[in-house]
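Trainee: here you go, sequence then predicted model.
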Amino acid sequence: MDLSALYTELILEHSQKSEHKRQLKTSTCSERGHNPSCGDDITIELLVEDGKIVDAAFTGSGCAISQASTSMMIDLIKGRSAEEAQTLANIFLGMIKREISSEAELELLEEAIAFQNVSNMPARVKCAVLAWHTLTEAMKEL
Amino acid sequence: MDLSALYTELILEHSQKSEHKRQLKTSTCSERGHNPSCGDDITIELLVEDGKIVDAAFTGSGCAISQASTSMMIDLIKGRSAEEAQTLANIFLGMIKREISSEAELELLEEAIAFQNVSNMPARVKCAVLAWHTLTEAMKEL
Amino acid sequence: MLSLDAIRAQFPALTQKVYGKPLIYLDNAATTQTPIDVLVACREYKEKSNANPHRGAHYLGVQATTLYENARNKVAKFINAASSQEVIFTKNATEALNLVAYSYGMSKISQDEEIVLCISEHHSNLVPWQMVAKAKGAKLRYLYLADDYTLSWSEVEKVITEKTALVAIAQMSNVLGTVYPLKDVISYAHEKGAVVVVDGAQSVPHLQTDVQALDADFFAFSGHKMYGPMGIGVLYGKREHLEAMPPFLRGGEMVEYVEEQVTTFNELPYKFEAGTPNVEGAVGLAAAIDFLEKISLEDVKAYEDGLTSYALGKLQEVPYLKIYGALDAKGRGPVISFSLEGCHPHDVATIVDSDGIALRAGHHCAQPLMRYLGAPATSRISFALYNTKDEIDACVASLKGVRRWLGHGS
Amino acid sequence: MLSLDAIRAQFPALTQKVYGKPLIYLDNAATTQTPIDVLVACREYKEKSNANPHRGAHYLGVQATTLYENARNKVAKFINAASSQEVIFTKNATEALNLVAYSYGMSKISQDEEIVLCISEHHSNLVPWQMVAKAKGAKLRYLYLADDYTLSWSEVEKVITEKTALVAIAQMSNVLGTVYPLKDVISYAHEKGAVVVVDGAQSVPHLQTDVQALDADFFAFSGHKMYGPMGIGVLYGKREHLEAMPPFLRGGEMVEYVEEQVTTFNELPYKFEAGTPNVEGAVGLAAAIDFLEKISLEDVKAYEDGLTSYALGKLQEVPYLKIYGALDAKGRGPVISFSLEGCHPHDVATIVDSDGIALRAGHHCAQPLMRYLGAPATSRISFALYNTKDEIDACVASLKGVRRWLGHGS
Ligand SMILES: Cc1ncc(COP(=O)(O)O)c(C=O)c1O
Ligand SMILES: Cc1ncc(COP(=O)(O)O)c(C=O)c1O
């Protein structure tokens, strides 16, 4: 197992201090997601105007993987439409399940492509996908 | 396994038609004993006068071993005192459990010594001892 | 189909001798022997992947989890469940049926509703329902059998009514061998608004199982009767029921959040699996399914039907022998109960045992049926895919000597 | 005592490599690895004695019954039960505890009575009691721990009162390693009229068990945590309680007479064992007991205490590491939970796993305790009799690298 492919500098940076780890003053929707068995517990807030995610943030605690994944996700979706965000979530989840491997699609994930290795680590898959599932749930409220 | 040591002529005779298989007109005590798992189900009746078993009989159904054992037991205890009957029951049960092996004691069982082989047949032990346990229970009422 | 010799070679237990005679094992309805692939799978699990599943973030924990969940997926496919979340591992069919009785029965069945059982039910699909009926003030009603040991449609229409909340019935009787027309019974029960609990303990090793085609609400079976290990069983339940039911056993794994006073529960199927599961049992069951599917259940059935037909014919030639069950292999499985006039089944078993032949004597955990049949006990032979006509011949020959041993002449 | 090498040689699983590195298995509180004698005993059973016990009048049926009952006798002696009729086989400790909750709890505990648990209980000895409390209108109270992770006598006297109907407590915490002074707690609870259910899942592999000396009313444990197979567990109960309790799981074997509407039940212990038991599991458990007794639990304890002491010392040298539990091996077992500042336990587990080291991260099925400790999760190492100081050194070295991997400098 190659740890350096998992705990990359990028992932560590995001996990340790994320500019997105804060509370929104006003939000359109928010959703709590958790993995009871490992203790990951995050809440995602979105501010959506005219179908566009104008602001997003998260709070909560968890392992480096879940924290970094959440942070990078917010990087990626901020400023996009809810539809685009859902598409990206689908690509991310597809990548982890190894159902999507087209370079072109994966590139849309930008930095979050760093989690591709997690698809080989069944014990950590739940950590990586938590934010993206939570996002999907949150957007159902829109 | 030697079947002929189990299904001896004596045992078969007792199992097929026993003079003791009948109902007493009057009885001092009676007890039902059963092995639910194999279907043996007998009722033993005793007529005890002045501490002496003046008459005894049984009804019910079961395998050759349980029927013969019951019949021989009644042969043996009729006319004896309740104490003597209890001693004989203890010897019989001790023989089957292989706790008693003294020839002198075993000879007191007379024909019922025919069941000694059953101590090698765990599957049939319950059949052989049913009557004797039932007798013990019955005599507790005296 | 594999050759019979090749199949038998996979069962180490079949090569043993008892009292110096080759074992002839005809007690398969009680438990089957185990093929080498299953033994090896269990052993390999213990040597290479043993860990507590769902708990470890370490290599072996992941291995154990993967093997356990793969076994669940295999079971789901084997019985054609819509989702593996509908497959719950238990220790045996009995626990599976108790799970339904405690969780569904105790919460959904009300006073004056009726629970319908077949008179041939095994105690494991009967005593739990007596408990529910008593606790909830419901009524227990029975489907009785016709003289030919089948369930008539008029009986179904008479007993299953609008009042019926639940029908619990085995797909195949472990005494008579009768295979009940469950598809029709289930569809009729559904029309009346009842759910149906199918006890598949006897049918699964012999018939292709398709819980969706049956439209069963619940379906229970045991690994040890289908060439798998002891200590593992399965409850299938339709998702809609399982979602709505309270948990049964409580403890590790089946929870989401536990606070001092209250707990929320895990999602399916974990909600119903408390404590460390029997991973090696599940792995062995998966190997047993592989074994069965390599041969194909169609071929198994064809072969076993042949054995049953042959045995029914031969047994009828034995003087004083009476068969309890249909005399034709159609509509029945490879389980044949009988009595020998004047001979107690227990004595019959002992006598044929001395020839190395294992058959079963007793009430077969179906006392209400025995009472209905008017027989306190019967003898029973039951076949698996490894039995042979030669074994049947040997058994019949041995049976022919029984009355002589018991002093009834020849 | 056997040499360590000789002991390790008996565990095939310990010779494996993970990610090309020798496995260092420190997750023994979750499940232990299995010695060859246990593997062989299970296999031999399947090849030479496999049958449904208590049912067959044939050779294999007798063999299976004998092996199964011998296993029960061995367990009874191992825990010093007064009679083997007080030993009930279950699938795991969780089922054993649920049996007590459903059968004793639901029938004997009444409104406004109190059930007392320790805050460190495993979910398996906690969630069932939440169910009983809720169903019966009883109150659930907790024994909280002192700052040194022990149970103070004043807490015992405060919480266990005349209102207490039942105390459920583990002999050893699976998170803190604390061994509770159960003899005193039980005698005090008895004075107050309460029965005591002991969860021995963690203590049985490490301490000599004597249920009579403890005077426990009930005592539960699992085979797979004491070198035995999965799928087998034990409930010990005092005869007077077991006799007075209603059955739990219902079905084959646990009955006496079954009629259509009513059933009478079998004698102890069969009354509580429904369906085909896990004979191979029981046989494996008996072999595990033989294995432990050959070494002797006294020697096991001495050796493991040495490991615990050594590990506690070494761990305290790891910067930023905090131990949850006593820092002294006295009064505790070989289970050590800790946290590394700034590192989530799940990441810790992944990082040491890459060095071939299996430890556990999470709430360890003790969420109320985690909340009480103020830690959402911890890392945990736990020893068995086959672990070594070298393995501890390797683990400590690996732990020292964790913060660097997670970007916290060295
Ligand atoms: C203290 C304690 N109690 C109960 C259990 C439950 O044991 P099992 O999962 O084998 O039922 C465990 C282990 O998981 C435990 O550590
Ligand atoms: C029809 C039927 N149902 C249920 C059972 C119970 O299975 P188990 O004893 O494996 O729980 C059996 C077998 O004993 C059976 O034959």
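Mentor: Cool, got the structure. Ligands and ions are numbered 1, 2, ... in the order given.

Trainee: the strand or helix carrying residue C:347 and chain D in contact?
Mentor: Residue C:347 is part of helix C:345-353, with elements assigned from DSSP states H and E. Yes - judged by CB under 8 Å from any CB of the partner chain, helix C:345-353 comes into contact with chain D at C:346, C:349-350, C:353. Using the backbone N, CA and C atoms, a C-beta is placed for each residue, glycine as well.

Trainee: let's see that helix as CSV, backbone CA atoms only.
Mentor: Included here for helix C:345-353 are C-alpha records, laid out as CSV according to Å, rounded to 0.1, in the frame of the first residue of the first chain:
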residue,chain,number,x,y,z
PRO,C,345,-39.1,-46.8,14.3
HIS,C,346,-36.4,-46.5,16.9
ASP,C,347,-35.8,-50.2,16.6
VAL,C,348,-35.8,-50.0,12.9
ALA,C,349,-33.2,-47.3,13.0
THR,C,350,-31.0,-49.3,15.3
ILE,C,351,-31.2,-52.4,13.2
VAL,C,352,-30.4,-50.8,9.8
ASP,C,353,-27.7,-48.7,11.6
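
Trainee: could you pull up the residues touching the residue nearest to residue C:382 when sequence neighbours are not counted?
Mentor: Once its chain neighbours are removed from consideration, residue C:382 has its nearest residue in residue C:29; the separation is 3.5 Å (CB to CB, 6 or more residues apart in numbering or on different chains). When contacts are counted by CB atoms under 8 Å, 6 or more residues apart in numbering or on different chains, residue C:29 is found next to C:174, C:202, C:225, C:335, C:360, C:364, C:380, C:382.

Trainee: what parts of the stretch 301-410 of chain C come near chain B?
Mentor: Taking CB under 8 Å from any CB as the test, the list of the stretch 301-410 of chain C residues beside chain B reads C:344-347, C:349-351, C:353-354, C:361-363, C:376-377, C:405-407.

Trainee: now do chain C
Mentor: Counting by CB under 8 Å from any CB, the residues of chain C close to chain B are C:19, C:344-347, C:349-351, C:353-354, C:361-363, C:376-377, C:405-407.

Trainee: and the pLDDT at the residue nearest to residue C:382?
Mentor: Per-residue confidence at residue C:29 stands at 98 (pLDDT).

Trainee: my guess is residue C:246 contacts residue C:108, does it?
Mentor: No - if you go by CB atoms under 8 Å, residue C:246 and residue C:108 don't touch, sitting 9.9 Å apart.

Trainee: alpha carbons of stretch C:146-161, as CSV, please.
Mentor: Taking C-alpha atoms only, stretch C:146-161 is exported to CSV below (Å, rounded to 0.1, in the frame of the first residue of the first chain):
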residue,chain,number,x,y,z
ALA,C,146,-55.9,-34.5,1.9
ASP,C,147,-55.7,-38.3,2.0
ASP,C,148,-53.0,-38.2,-0.6
TYR,C,149,-50.8,-35.9,1.6
THR,C,150,-51.4,-32.9,-0.7
LEU,C,151,-53.0,-29.6,0.1
SER,C,152,-56.3,-29.2,-1.6
TRP,C,153,-57.3,-25.9,-3.1
SER,C,154,-60.6,-26.0,-1.3
GLU,C,155,-58.7,-26.2,2.0
VAL,C,156,-56.7,-23.2,1.1
GLU,C,157,-59.8,-21.2,0.2
LYS,C,158,-61.5,-22.4,3.4
VAL,C,159,-58.7,-21.5,5.8
ILE,C,160,-57.0,-18.4,4.3
THR,C,161,-59.5,-15.6,4.6
